[in-house]
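**Q** Need coordinates for the following:
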Amino acid sequence: MSNKITAAITAVSGYVPEDKLTNFDLEKMVETNDEWIRTRTGIEERRILKGEGKGISEMVVPVIKGLIEKRGINATEIDCIIVATVTPDMVFPATANIAASKVGAVNAFGYDISAACSGFLFALTQGTAFIESGRYKKVIVIGADKMSAIVDYTDRTTCIIFGDGAGGVLLEPNEEGLGIKDSILKSDGNGAQYLRMKAGGSAYPATAETVANREHYAYQEGQTVFKFAVKGMADVSAELLEKTILLVMTLPGWCRIRLIYAL
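**A** You can find the predicted model right below:
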C-alpha cells in the first residue's frame with residue numbers, strides 16, 4: 001500500500017441536449033449524404049443545444065449534479081471546478097463560476113481553460129495536480145462545448161463533425177496507488193492556420209466586416225489536422241506506455257502485479 005496521494009476518478013457524468021441533427025438533416029443543408037458522412041466519420045447524429053440565451057452552463061450544471069448524486073456528496077464539499085471549453089457562456093465571468101453558483105458550490109473556486117480538443121486532458125492534469133498536492137479533496141473537471149454556436153452550416157467540411165455536449169469527472173485523493181498514473185502534454189502553435197477561429201479575439205476584434213466575412217466560425221483543414229493528430233497521439237501513447245513499462249519493471253514483484261492490474 002502506497003502513502004503517496006494520487007488522484008482517483010470517483011464519479012463520471014455526462015449530458016447531451018435532446019434535439020438531434022442527423023445526417024439526413026444535413027443532406028438538406030449542404031451537399032453531402034448519410035453514407036458519405038458515416039463511412040468517413042462514423043457519425044450518424046449530433047446533439048444540438050437550442051434556445052435563446054442558452055450557453056454551455058446549461059449542460060455543465062447537469063453534469064455537476066450527476067457527479068454529486070453518484071458520489072452522494074453535497075455541493076458545498078466541492079473545492080474546485082474546472083471547465084474546458086472554447087465556447088463559454090461569455091468571455092467572462094468563467095462558465096465554471098456561473099455553474100458553481102447554479103448548483104450551490106459556494107466553497108469552490110473555478111475557472112475555464114481554452115485548449116480546444118486538448119482542453120479536457122489539460123484540465124484533467126491540472127485537477128490531478130491539485131489533488132496530489134494534498135490541498136484539495138474534491139475537484140470536478142468538465143469538458144463542454146456548444147459547437148453549434150461557432151459552426152458554419154454552409155461549410156460541409158466542418159458542420160458534419162461537431163455537436164453539443166458535456167462530460168465530467170470527480171477527482172478525489174487515493175492512497176492505495178489507484179488513480180491517474182501519468183501524462184504527457186504537448187502542443188504546437190505552428191499549425192494555427194489549419195485550425196482556428198480568425199475573428200473575435202484581440203488580434204481581430206468583432207466588427208461588422210468580420211461578421212460579414214463569416215470569420216467568427218471554426219475553420220479547419222481536415223486532412224492536415226487529421227494526419228498531425230493521428231501521428232501525434234500515436235507517438236505520445238507509445239512514449240507514455242514505454243515510461244509505464246519501465247516503471248513497472250523497477251518495482252518489487254507484488255507491486256508490479258498490483259500496478260499492472262490497476263492500469
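**Q** Assign a three-state SS to Ile82, would you?
**A** Following DSSP: H, G, I helix; E, B strand; the rest coil, the label given to Ile82 is strand.
**Q** show me what contacts it?
**A** Counting by CB atoms under 8 Å, 6 or more residues apart in numbering, Ile82 makes contact with Ala96, Gly110, Tyr111, Asp112, Ile113, Ala123, Gln126, Gly127, Val139, Ile140, Val141, Ile142. C-betas here are computed from N, CA, C, even on glycine.
**Q** Okay, and which of the residues you listed map to helices?
**A** When DSSP state H is applied, the contacts of Ile82 are split such that Ala96, Ala123, Gln126, Gly127 fall in helices.
**Q** With pLDDT as added columns, please give those in JSON lines.
**A** Below are the ones in helices among the contacts of Ile82 laid out as JSON lines (pLDDT from 0 to 100):
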{"residue": "Ala96", "pLDDT": "98"}
{"residue": "Ala123", "pLDDT": "97"}
{"residue": "Gln126", "pLDDT": "97"}
{"residue": "Gly127", "pLDDT": "98"}
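**Q** Quick check: of those, which has the highest neighbour count?
**A** Ala96 (30 neighbours; other CB atoms under 10 Å).
**Q** how far away is it from Thr87?
**A** 14 Å (CB to CB, to the nearest Å).
**Q** just Phe226 next, same as before
**A** According to CB to CB, Phe226 stands 22 Å off from Thr87.
**Q** who has more neighbours, those two?
**A** Ranked by neighbour count (other CB under 10 Å), Phe226 and Thr87 place Thr87 first, with 20 against 11.
**Q** So that one belongs to a strand, correct?
**A** No. Counting by three-state DSSP, Thr87 is not found in a strand; it is coil.
**Q** Where do the strands of the stretch 1-150 of the chain begin and end?
**A** Remark: strands assigned in the stretch 1-150 of the chain by DSSP state E, counting those that start in this stretch are 6-15, 20-22, 45-47, 80-84, 109-113, 139-146.
**Q** I'd like to know how many residues surround the spatially closest residue to Arg46 that is not a sequence neighbour.
**A** Closest residue to Arg46 apart from its sequence neighbours, by CB to CB, 6 or more residues apart in numbering: Gly163 at 2.9 Å. Residues lying near Gly163 (other CB under 10 Å) number 21.
**Q** again, but for Glu69
**A** 11.
**Q** any idea how far it lies from Leu170?
**A** 11 Å.
**Q** Good, wrapping up.
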